[in-house]
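Q: Sequence unavailable; structure follows:
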């Protein structure tokens with residue numbers, strides 16, 4: 001497998017696949033922060049995706065594009081959170097990713113589009129959700145939107161899921177990869193604080209409630225193994241127990 005990129009997700013995918021799937025290229029580079037408004041970065045990603053798609057079309061390689069299942073895509077009124085349902089993107093990031101999905105579909109190259117939720121794992125970008133909340137708690141003050149929820153997924157689930165999709169010949173399709181069980185952001189902060197035995201000042205962000213549910217029925221149908229994961233009430237605890245120490249270490253380095 002060819003993996004374009006050297007960031008967080010690329011580092012997690014490479015060891016799993018190695019030399020398998022030599023006719024597949026995963027585009028694991030580009031804008032990965034849902035709150036981004038960096039138009040120059042959007043342009044660079046669009047140019048990279050176009051370049052990879054042209055090469056994949058010529059060589060009949062399958063291009064795997066990593067899109068988003070964030071609230072920027074699925075959070076608007078009237079969106080059912082399904083891959084084939086209507087979407088009304090609410091952010092420039094969401095509009096950008098959906099536009100690149102369309103580029104993939106029209107490129108003439110075999111493709112697979114994965115709409116990824118908020119992934120959690122060691123080595124994340126510092127501006128992503130859990131690293132940012134951890135830094136806030138460490139600093140003594142954290143910004144919290146009381147009615148906000150986020151769908152969290154352990155990054156370790158992505159490579160095996162993609163492996164099954166490729167092995168079963170799923171192509172020219174769009175798949176949500178998410179837990180389907182959004183977690184309240186204040187609960188995430190509670191979990192961080194309890195493990196660090198601190199209590200940070202909570203600065204309320206005055207925004208409307210935001211709870212986006214990503215539909216995973218299609219994924220569970222195509223990859224029944226995914227349904228074996230327990231995304232119940234203990235899932236947040238599992239994520240924090242596994243990764244919080246890494247977030248704390250990264251926060252110290254980032255602040256220093």
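A: It's in. Note that the structure is predicted; figures quoted are calculated from it, not measured. Numbers count the residues shown, from 1 in each chain.
Q: what are the ranges of the strands in the stretch 101-250 of the chain?
A: Listed in chain order, the strands of the stretch 101-250 of the chain (DSSP state E, counting those that start in this stretch) span 111-116, 118-120, 141-144, 149-150, 152-154, 173-177, 183-184, 201-204.
Q: What is the lowest-mean-pLDDT helix or strand in the chain packed up against?
A: Ranked by mean pLDDT, DSSP states H and E, the weakest helix or strand in the chain is helix 235-255, scoring a mean of 90. For helix 235-255, the packing partners by 3 or more C-beta pairs under 8 Å, 6 or more residues apart in numbering; DSSP states H and E come out as helix 129-139, strand 152-154, helix 185-196. Heads up, the C-betas are built off the backbone N, CA and C, glycines and all.
Q: cutoff 7 Å now
A: Counting contacts by 3 or more C-beta pairs under 7 Å, 6 or more residues apart in numbering; DSSP states H and E, helix 235-255 packs against helix 129-139, helix 185-196.
Q: tell me the most buried of those helices?
A: Across the helices and strands packed on helix 235-255, the average number of neighbours (mean count of other C-beta atoms under 10 Å) peaks for helix 129-139, which reaches a mean of 21.
Q: Give the next helix or strand downstream of the helix or strand hosting residue 16.
A: Using DSSP states H and E, residue 16 maps to helix 8-17. Per DSSP H and E, the first helix or strand lying C-terminal to helix 8-17 is strand 24-27.
Q: so how far is that next one off the chain centroid?
A: Averaging C-alpha positions (C-alpha atoms, centre = their mean, to the nearest Å) puts strand 24-27 16 Å from its chain's average.
Q: show me where pLDDT drops low in the stretch 151-256 of the chain?
A: Within the stretch 151-256 of the chain, the stretches with pLDDT under 70 are 255-256.
Q: Now do the phi/psi pair for the closest residue to residue 33 other than its chain neighbours.
A: For residue 33, ignoring the flanking residues on the chain, the nearest one in space by C-beta to C-beta, 6 or more residues apart in numbering is residue 127 at 5.3 Å. Note on residue 127: backbone dihedrals following degrees, to the nearest 10 are phi -90, psi 0.
Q: ok, how many other residues are close to residue 127?
A: Residues near residue 127, counting by other C-beta atoms under 10 Å, number 14.
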